[in-house]
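Enquirer: Quick check, what structure comes out for this input:
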Amino acid sequence: MLGGLSKPDELEKLYHAADRIRERYNGNKVDLCSIMNAKSGRCSEDCKYCAQSAHYNTQVEEYGLVCKDKALALALENESCGVGRFSLVTSGRDLAGEDFKETLNIYGYIKDYVKISLCASHGILTHEQLLLLKKAGVETYHHNLETSREYYGRICTTHSYDERIETIKNAQNAGLKVCSGGIIGMGESLENRIKLAFELKALSIDSIPINVLNPIKGTPLEGSERLSQDEILKTVAIYRFINPKAYIRLAGGRNRIEDFGKLCFKAGANATITGNYLTTSGNKIADDIKMIKGLGLETGL
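Expert: Numbering: from 1, shown residues only. Now for the predicted structure:
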């Protein structure tokens, strides 16, 4: 039935209802977060959408783990602009050895200087590693499922869906909140998106980022068809229905949505990644805050 929603009046009713659910359970506050690409390129995994995979020639910039002063400077900048959460994101299947030890040091260093909530995104980690991240000051672990279980094999073959779920449960058992969502526009059906939304609900996910595929030249998905704006808004609204109390967060590919997703905040979304991030560009923090306040919504720490 939802797949048949196409008439403007039907879609407007869906968006309005999702907006009411957002207001009922989450109020008018929009949660802002930012991320830093703290280690780029040379990833061993074959995720078909990713510019950082070593399997594809994408001309992405490659570099090792950033220094702690550079990470702190960006965290301080985001905090001063009114962003409430800050995350380091590293390429690769996981983070181990000296890189993992240094990352713990970086989080501890940042925590001494900021009040901003710290998040982390470092791939497939063990329960013990996640406990150490929590001890270092991290509050939330990010690990996307990306798509439904049925469609996952068409997106990645170098690690399994169950490995992703295990990492999420490891994080939760370590006392961390979890941010997990997916990417739309990879050729999946609306049914695949709905199945992912219910998988996230079953895992009691606190924050659900919805990424819109930004096709990267050199990846297998570079020729993917662009989603319509109504398809994006419809997905956001459905996710709000299925996960009424979660942060429904606009993430990568906001430049693929009209006005950087302005209408999404009236169709169920109540959070966003802001600023420039990873390998696709987002919206400036000041512009996001102005846009959100213009909708009668609130931001702030």
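
Enquirer: which helix is the longest one in this structure?
Expert: The single longest helix within the chain, with elements called by DSSP state H, is helix 8-26.

Enquirer: What residues of that one count as buried?
Expert: By 16 or more other CB atoms under 10 Å, the buried positions in helix 8-26 come out as 11, 14-15, 18-19, 21-22, 26. In this view, the C-beta of every residue, glycine as well, is placed from N, C-alpha and C.

Enquirer: of those residues, closest to Tyr161?
Expert: Ala18 (27.2 Å; CB to CB).

Enquirer: mind listing the strands for the stretch 151-300 of the chain?
Expert: For the stretch 151-300 of the chain, applying DSSP state E, counting those that start in this stretch gives strands covering 177-179, 182-184, 207-212, 247-250, 271-273.

Enquirer: Could I get the contacting residues of the spatially most central residue of the chain?
Expert: When CA atoms, centre = their mean is applied to the chain, the residue found nearest the centroid is Pro209 (3.9 Å). By CB atoms under 8 Å, 6 or more residues apart in numbering, the contact set of Pro209 is 142, 144, 179-182, 249-252, 273.

Enquirer: re the thing from before, which one of the buried residues of helix 8-26 is nearest to Lys266?
Expert: Nearest member of those to Lys266, counting by CB to CB, is Asp19, at 5.2 Å.

Enquirer: Hmm, Ala269 and that closest one touching each other?
Expert: No: counting by CB atoms under 8 Å, Asp19 stays clear of Ala269, with 9.2 Å between them.

Enquirer: quick one: contacts for Tyr141?
Expert: Contacts of Tyr141 (CB under 8 Å, 6+ apart): 119-121, 125, 130, 133, 167-168, 171, 174, 176-179.

Enquirer: Narrow these to those in helices?
Expert: Checking the contacts of Tyr141 against DSSP H, those in helices are 130, 133, 167-168, 171.

Enquirer: quick one: which of the residues you listed is most hemmed in?
Expert: Ala171 (27 neighbours; other CB atoms under 10 Å).

Enquirer: ok, that residue - contacts?
Expert: 125, 130, 141, 143, 178.

Enquirer: If I look at the second one, what pLDDT would I see?
Expert: I take that to be Leu130. Listed pLDDT for Leu130 reads 98.

Enquirer: same thing with the last one?
Expert: In this model, Val178 is scored at 98, pLDDT.

Enquirer: Numbering from 500 from now on, please.
Expert: Taking 500 as the first residue, the last one we looked at is Val677.

Enquirer: Can you tell me the closest non-neighbouring residue to Ile707?
Expert: Gly680 (4.3 Å; CB to CB, 6 or more residues apart in numbering).

Enquirer: Sorry, wrong one. I was asking about Ser586.
Expert: Nearest one to Ser586, counting by CB to CB, 6+ apart, is Cys618 at 3.6 Å.

Enquirer: residues contacting that neighbour?
Expert: Here Cys618 is in contact with 532, 534, 584-586, 637-641, 678 (CB under 8 Å, 6+ apart).

Enquirer: where are the low-confidence patches of the stretch 500-649 of the chain?
Expert: Residues of the stretch 500-649 of the chain meeting the criterion pLDDT under 70: 500-505.

Enquirer: Quick check: closest non-adjacent residue to Lys547.
Expert: Pro719 (4.3 Å).

Enquirer: Also Glu544?
Expert: In space, Glu544 is closest to Thr657, 4.6 Å off (CB to CB, 6+ apart).

Enquirer: sorry, back to before: quick check: of the buried residues of helix 507-525, which lies closest to Asp545?
Expert: Closest approach between the buried residues of helix 507-525 and Asp545, by CB to CB: Ala517, at 34.7 Å.

Enquirer: I'd say the closest one and Ile741 touch.
Expert: No: assessed by CB under 8 Å, Ala517 is found out of contact with Ile741, at 10.3 Å.

Enquirer: returning to that earlier point: for the longest helix of the chain, name the packing helices and strands.
Expert: Judged by 3 or more CB pairs under 8 Å, 6 or more residues apart in numbering; DSSP states H and E, helix 507-525 is in contact with helix 728-741.

Enquirer: Ser706 versus Lys676, what's the distance?
Expert: 7 Å (CB to CB, to the nearest Å).

Enquirer: Need the overlap of contacts for these two.
Expert: Contacts common to Lys676 and Ser706, judged by CB under 8 Å, 6+ apart, are Thr639.
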